[in-house]
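**Student:** Give me a 3D structure for the following:
(one chain, ligands or ions: 1)
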Amino acid sequence: MKEIDFAYLPVIGRGEQIHIICAMHGIKINILYSTPMGNDFQLSTDSLFGTVPWMKDKSNDLILNDSMAMVQYLVTKYEGPLTPLSAIEAASIANLWAWSNDYYSFVLSPLHDIITGHNEVFWRNLRLTDTLAEGGKELALNNLKILHDKRVSFLENYLEKFSDGDFMVNGKCSYADIFLFTCVRAVQKCAGFGDFRALCGSDPFADRKNILRVCRDVESIKEVSETVGTKFEECPI
Ligand SMILES: N[C@@H](CCC(=O)N[C@@H](CS)C(=O)NCC(=O)O)C(=O)O
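**Tutor:** Residues are numbered from 1 along each chain as shown. Down below sits the predicted model:
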């Protein structure tokens with residue numbers, strides 16, 4: 001049985017990559033919408049770490065509560081086009097996935113806090129010790145633009161040097177390409193990032209030709225476009 005229960009929020013966030021991976025590997029997903037945006041899954045009691053994404057494999061009751069653990073498990077346990085072919089390939093993919101994970105944690109998550117007005121004490125920056133607390137939204141957005149430009153430049157330069165064909169690793173799509181794609185398109189299209197886009201002259205990835213090429217490569221996969229549909233236009237973040 002290739003089937004998982006999957007709890008997340010009705011946003012792109014860290015969840016859409018899992019939907020795409022499951023579609024590409026023929027894994028059925030039962031969607032549970034989590035609090036505070038849904039009621040199928042209680043974040044504070046049903047999840048191990050008080051966070052989503054969360055998943056349970058119906059075939060063996062394995063529960064995972066971290067997106068990195070999930071993507072690696074799913075492409076290993078249920079072989080398909082995203083399964084790495086060697087230890088070196090697997091490590092290179094994880095390494096590039098981590099770029100998006102850091103970008104998500106340090107740029108997108110704080111932007112989410114600004115978009116949703118979330119300013120409770122929490123483990124991320126931008127709440128107690130940094131500029132959202134001290135300088136307000138305008139300074140926080142400007143600082144996040146600096147972080148965005150700096151971090152995106154590193155990936156763009158890396159791809160210019162080391163990735164000559166399609167996708168980022170060995171010319172074939174990986175879960176690293178997929179997470180990059182969902183992060184980039186969310187920033188470019190989701191309504192919540194409008195203020196950030198305006199600050200960046202409408203498209204924060206406008207001149208990043210290598211990153212945009214990877215996104216187009218990913219988008220050209222049938223399961224990807226079918227899974228994503230109009231979600232980037234409809235989801236707030
Ligand atoms: N390392 C975790 C991070 C999970 C995480 O921070 N998830 C956010 C939503 S994207 C969350 O559940 N936040 C709960 C909260 O802010 O209370 C992963 O990638 O799965």
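**Student:** Up against the ligand, what does this protein have?
**Tutor:** Neighbours of the ligand within the chain, by CB under 6 Å from any ligand atom: 13-14, 51-53, 66-67, 122. Where C-beta positions appear, they are placed from N, C-alpha and C, glycine not excepted.
**Student:** What's opposite Leu64 in the beta bridge?
**Tutor:** Note on Leu64: beta-bridge partners Met55, judged by DSSP bridges.
**Student:** CA atoms of stretch 5-21 as CSV?
**Tutor:** What follows is stretch 5-21, C-alpha atoms only, in CSV (Å, rounded to 0.1, in the frame of the first residue of the first chain):
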residue,chain,number,x,y,z
ASP,A,5,-1.9,10.6,6.0
PHE,A,6,-0.5,14.0,5.7
ALA,A,7,-1.2,17.0,7.9
TYR,A,8,-0.4,20.5,6.9
LEU,A,9,-2.0,23.9,6.4
PRO,A,10,-3.9,24.9,3.2
VAL,A,11,-0.9,26.9,1.9
ILE,A,12,2.1,26.2,-0.3
GLY,A,13,4.7,26.5,2.5
ARG,A,14,6.6,23.3,3.2
GLY,A,15,3.7,21.1,2.1
GLU,A,16,3.4,21.4,-1.6
GLN,A,17,6.8,19.7,-2.2
ILE,A,18,5.4,16.6,-0.5
HIS,A,19,2.2,16.6,-2.6
ILE,A,20,4.4,16.8,-5.8
ILE,A,21,6.8,14.0,-4.6
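**Student:** Phe205 should be in a strand, yeah?
**Tutor:** No: Phe205 is assigned coil when assessed by DSSP: H, G, I helix; E, B strand; the rest coil, not a strand.
**Student:** Looking at the residues of the chain next to the ligand, which are in helices?
**Tutor:** Ser67 (DSSP state H).
**Student:** Go through the residues of the chain next to the ligand and say which is closest to Glu233.
**Tutor:** Nearest to Glu233 among the residues of the chain next to the ligand, counting by CB to CB, is Gly13 at 15.5 Å.
**Student:** Can you give me the distance of the closest residue to that closest one other than its chain neighbours to Phe193?
**Tutor:** Leaving aside its chain neighbours, Gly13 sits nearest to Ile237 (6.5 Å; criterion: CB to CB, 6 or more residues apart in numbering). Distance, Ile237 to Phe193, by CB to CB, to the nearest Å: 7 Å.
**Student:** Give me the distance between Thr227 and Val52.
**Tutor:** Applying CB to CB to Thr227 and Val52 gives a distance of 18 Å.
**Student:** Of these two, which one has the most company?
**Tutor:** Val52 (25 against 17; other CB atoms under 10 Å).
**Student:** Contact partners for the more buried one?
**Tutor:** 7-9, 14-15, 34, 41, 43 (CB atoms under 8 Å, 6 or more residues apart in numbering).
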